[in-house]
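1. fold the following and give me the result.
(2 chains)
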There are 2 protein chains.
Amino acid sequence: MAISSAKKNAFYAQSGGVTAVINASACGVIEACRQHKDKIGTLYAGQNGIIGALQENLIDTSKELNSAVAALKHTPGGAFGSCRYKMKDIKDSSAEYERLVDVFKAHNIGYFFYNGGGDSADTCLKVSQISAKMGYPIQAIHIPKTIDNDLPFTDCSPGFGSVAKYVAVSTKEASLDIASMAASSTKIFILEVMGRHAGWIAASGGLAAQEAGDAPHIIIFPEIPFNREQFVAKVEQTINEKGFCVVVASEGASYADGALISGSLNKDAFGHQQLGGVAPTLASMIKHSLGYKYHYALADYLQRAARHIASKTDVDQAYAVGRAAVEKALEGKGSIMVTIERGTGKKFSWSLGEASLAKVANVEKKMPRSFITKDGFGITQKARDYLQPLIAGEDYPPFKNGLPYYPKLKKVLAAKKLKTDFEL
Amino acid sequence: MAISSAKKNAFYAQSGGVTAVINASACGVIEACRQHKDKIGTLYAGQNGIIGALQENLIDTSKELNSAVAALKHTPGGAFGSCRYKMKDIKDSSAEYERLVDVFKAHNIGYFFYNGGGDSADTCLKVSQISAKMGYPIQAIHIPKTIDNDLPFTDCSPGFGSVAKYVAVSTKEASLDIASMAASSTKIFILEVMGRHAGWIAASGGLAAQEAGDAPHIIIFPEIPFNREQFVAKVEQTINEKGFCVVVASEGASYADGALISGSLNKDAFGHQQLGGVAPTLASMIKHSLGYKYHYALADYLQRAARHIASKTDVDQAYAVGRAAVEKALEGKGSIMVTIERGTGKKFSWSLGEASLAKVANVEKKMPRSFITKDGFGITQKARDYLQPLIAGEDYPPFKNGLPYYPKLKKVLAAKKLKTDFEL
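-> Model (predicted):
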């Protein structure tokens, strides 16, 4: 890869569903770039992700105060805007890539930092191929982010630890609630959580149980084919033994033939089904089979936005992968994803590494079967050992008048240099 | 009321839906009783509320460690078990009251502390009438608790401030999330919250807006008859202006004739009748009228169990009303509810007072119309001034291994003294 020796500018974008800590990665990228002003010129952030690059809507991050950049570390959501937009394959259509090269050239951009999940790793890989296919030198580095924790070659994905903590804490709190009410009222509580194909988030609900037999009593994983009879039998057994039953269910729960138990037919921009409705479906099964009174919660965006109860480990890792992307770029690297590597010692430790984007893109890391109990309804000690350090530590945002305080960014757009607009 | 001069024991019970801070009230009662051992004997807690008294399942709180009692202040749920059980009117059936007197007599109980909402105030009143109607001296004092904030004669109800804070924080966090995604994906986010008849909880979502025009853009109150056309028009207008729309909707939202909007007979893609739910119903209206992609969350128990983000004001008040109940009993008072009185100064302050139970029972305090904007979709400055102090301050529980740490109580039952069981 030919790298120009002249000082290049950089581009950073957020992609896909946002998390409680994606802005901590943004903070890491911006702060690292500011520390290396001798080597990197202006850092532009894409307004609404890669769409910002295509439409030449580039936020000039140099206009932001240091204090506002630092505050990104405790601000949920995607501060520069994210998007669900999948680039076409360069073989099928080169128009988008030609446009990117035009924008990169016009703004002297030589570094491309892309902060996203599996689909975004694929986009980042395609961008990195511009170098080879279109002769424009660009170092594309992927910064991992996904609450689903399904990226391969990394111990975990920033964003996951905080959702895991939110789900574990919420499961524990709601379990104490229903335990108080069960004698004369509600006996079933179901918490529906995210995780389309991988059960990592649902699994983290299992951490709420401190002793064997503690709630949650049932976890529904997308990796385990759902069997209604076994589920209802387990609910009945739990109520007979404990007096109440707490269920954590993944939105991706499905039958052996792959049909979602939520029966949703909506699809999003990536062709993924828009899920929701597992909890009411399970509740309805219990009501019809056993007749118990139930309650259910659908955490939805609350779980991935809950910066107030973020995991300190997760915040630290999110920040670190952002910084590392810049540092690896300055080492001349490209076409990689920054990874988190867990130490082998008994005490939890982690360091950063990297993986080839060609290997990462579009590979989903599911829960190993060894993390799920034999009956398919719980997590094993192996899973607990893996998950527990990821929710460790609190990192509360500052509060003002009872609410988390998030300063707003200026988000000044750089002057456009191209004469044409780009239609998506 | 004839009060025996001999040292009497006391009874405490939790009633109705539990909250994040009802145990803080329990802590206040227990600690105050321990401080007045010269005047009050053993404090028994009803196992599962008043049912514990009827069935003579009395938890001997003297067996609990001081540290475990102190920890109740940061433990959500109802530590001794709550219940949904409404006592019959003494005129219709005296059996329950005769049983209570038998249990009270057998255990020398002269103080009755009942921790609940409107229905429970009614029960507490009925128990206080035992004195007059059945000749057994009992000082019945109601300790207010309800997330719905619908108790009269008190500035607020302990439990509400913490739900309000949870809803305000969650609304703010989710608003940052959807704001990042709206350009190319989800444009509508709906958070369904509790509050069957009173919109206090929904209103608290409005605190998430720091400046005019900030999310949430629409609040649906049970006090305002729902109008689909006006709602859809407001959503469309908001999306045109802001690019996205955040809605906080009360579960009690209903049409002018009183029909709940969640009671729709919509059928899903498979012809199954959809389960109730204000959020999915609103989402469906938007989808059909405007076609936008939506997300919705149903906080359910999470909102009232979320001790991790409790309001410090609320925790302090919950503890204080518990203590005050004991102190007022020692002043010889009965047939009252402890109330919270707001100071009239500019700076928020509060003190404790009392109200006659006869006036409190079964009265619901709804949102004044002056707290709701003219268009019916927002809160006024008056509402903000009332609500804001109630969510002020954080009071994080201690964490251990990434999770809030809640020691378990021993809950030792006192030996039964009656020969008969009681069938509910």
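
2. report the buried residues of stretch A:54-70.
-> A:54, A:55, A:56, A:57, A:58, A:59, A:60, A:61, A:64, A:68, A:69 (16 or more other C-beta atoms under 10 Å in any protein chain shown). C-betas here are computed from N, CA, C, even on glycine.

3. can you give me phi and psi for the nearest residue to the first one once chain neighbours are set aside?
-> Among residues not flanking residue A:54 along the chain, residue A:422 sits closest, at 5.1 Å (C-beta to C-beta, 6 or more residues apart in numbering or on different chains). Listed backbone geometry of residue A:422 is phi -120, psi 120, with angles given as degrees, to the nearest 10.

4. circling back to that earlier point, Throw the buried residues of stretch A:54-70 into CSV and include secondary structure and pLDDT, thanks.
-> Output for the buried residues of stretch A:54-70, formatted as CSV (DSSP: H, G, I helix; E, B strand; the rest coil; pLDDT from 0 to 100):
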residue, secondary structure, pLDDT
A:54, helix, 96
A:55, coil, 96
A:56, coil, 98
A:57, coil, 98
A:58, strand, 98
A:59, strand, 98
A:60, strand, 98
A:61, helix, 98
A:64, coil, 98
A:68, helix, 97
A:69, helix, 98
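
5. just the residues you listed now: which is nearest residue B:371?
-> residue A:68 (34.0 Å; C-beta to C-beta).

6. now the closest one: closest residue in space that isn't a chain neighbour?
-> Excluding the flanking residues, the one nearest residue A:68 by C-beta to C-beta, 6+ apart is residue A:407, at 5.1 Å.

7. show me the contacts for the one you found.
-> Going by C-beta atoms under 8 Å, 6 or more residues apart in numbering or on different chains, residue A:407 touches A:67, A:68, A:71.

8. now do the contacts for the second one.
-> Translated: residue A:68. Neighbour list for residue A:68: A:407, A:408, A:409, A:410 [criterion: C-beta under 8 Å, 6+ apart].

9. same deal with residue A:46?
-> Residue A:46 makes contact with A:11, A:12, A:13, A:14, A:52, A:53, A:57, A:58, A:59, A:80, A:81 under the criterion C-beta under 8 Å, 6+ apart.

10. quick check: closest non-adjacent residue to the fifth one.
-> Looking back up the chat, that one is residue A:52. In space, residue A:52 is closest to residue A:46, 3.0 Å off (C-beta to C-beta, 6+ apart).

11. report the beta-bridge partners for the one you found.
-> Per DSSP bridges, the residues bridged to residue A:46 are residue A:58.

12. for it, give its distance to residue A:100.
-> Per C-beta to C-beta, to the nearest Å, residue A:46 is found 11 Å from residue A:100.

13. just residue A:408 next, same as before
-> Plainly put, residue A:408 is 29 Å away from residue A:100 if you go by C-beta to C-beta.

14. between these two, who's got more neighbours?
-> Counting neighbours by other C-beta atoms under 10 Å in any protein chain shown for residue A:408 and for residue A:100 shows that residue A:100 has the greater number, 24 against 11.

15. OK, contacts around the more buried one?
-> If you count contacts by C-beta under 8 Å, 6+ apart, residue A:100 has them with A:53, A:54, A:127, A:130.

16. over to residue A:148?
-> By C-beta under 8 Å, 6+ apart, the contact list for residue A:148 reads A:117, A:157, A:160, A:194, A:195, A:196, A:197, A:198, A:200, A:201.

17. isn't residue A:214 right up against residue A:208?
-> Yes: taking contacts as C-beta atoms under 8 Å, residue A:214 lies within contact range of residue A:208: 7.1 Å.

18. settle it for me: which of these two has more neighbours?
-> residue A:208 (24 against 15).

19. circling back: between residue A:214 and residue A:208, which contacts overlap?
-> residue A:175.

20. pull out the buried positions in stretch A:401-415.
-> For stretch A:401-415, a neighbour-count test (16+ other C-beta under 10 Å) marks A:402, A:403, A:404, A:406, A:409, A:411, A:414 as buried.

21. on that earlier part again, ok, which pair from the buried residues of stretch A:54-70 is furthest apart?
-> Maximum distance among these (C-beta to C-beta): 26.1 Å, for A:54 and A:68.

22. quick check, nearest of the contacts of residue A:148 to chain B?
-> Closest approach to chain B among the contacts of residue A:148 (C-beta to the nearest C-beta): residue A:194, at 10.6 Å.

23. quick one: contacts for the closest one?
-> Residues counted as contacts of residue A:194 (C-beta under 8 Å, 6+ apart) are A:147, A:148, A:163, A:201, A:250, A:251, A:299, A:300, A:303, A:304.

24. who's in contact with the last one?
-> Residue A:304 makes contact with A:17, A:18, A:19, A:20, A:147, A:159, A:162, A:163, A:194, B:177 under the criterion C-beta under 8 Å, 6+ apart.

25. so the first one: helix, strand or coil?
-> Translated: residue A:17. Following DSSP: H, G, I helix; E, B strand; the rest coil, residue A:17 is assigned to coil.

26. then residue A:147?
-> Assigned with three-state DSSP, residue A:147 falls in the coil class.

27. residue contacts, it?
-> Shown in contact with residue A:147 (C-beta under 8 Å, 6+ apart): A:17, A:19, A:157, A:159, A:160, A:162, A:163, A:194, A:201, A:303, A:304.

28. now that we have those, which of them are buried?
-> Listed as buried from those are A:17, A:19, A:157, A:159, A:160, A:162, A:163, A:194, A:201, A:303, A:304; burial here means 16+ other C-beta under 10 Å.

29. so where's the stretch 101-250 of chain A uncertain?
-> Low-confidence segments of the stretch 101-250 of chain A, defined by pLDDT under 70, are absent.

30. circling back to that earlier point, looking at the contacts of residue A:147, which are in helices?
-> If you go by DSSP state H, the contacts of residue A:147 have A:160, A:162, A:163, A:201, A:303, A:304 in helices.

31. dump these into JSON lines; add distance to residue A:295 as well.
-> Output for the ones in helices among the contacts of residue A:147, formatted as JSON lines (distance: C-beta to C-beta, whole Å):
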{"residue": "A:160", "distance to residue A:295": "26"}
{"residue": "A:162", "distance to residue A:295": "25"}
{"residue": "A:163", "distance to residue A:295": "21"}
{"residue": "A:201", "distance to residue A:295": "20"}
{"residue": "A:303", "distance to residue A:295": "17"}
{"residue": "A:304", "distance to residue A:295": "22"}
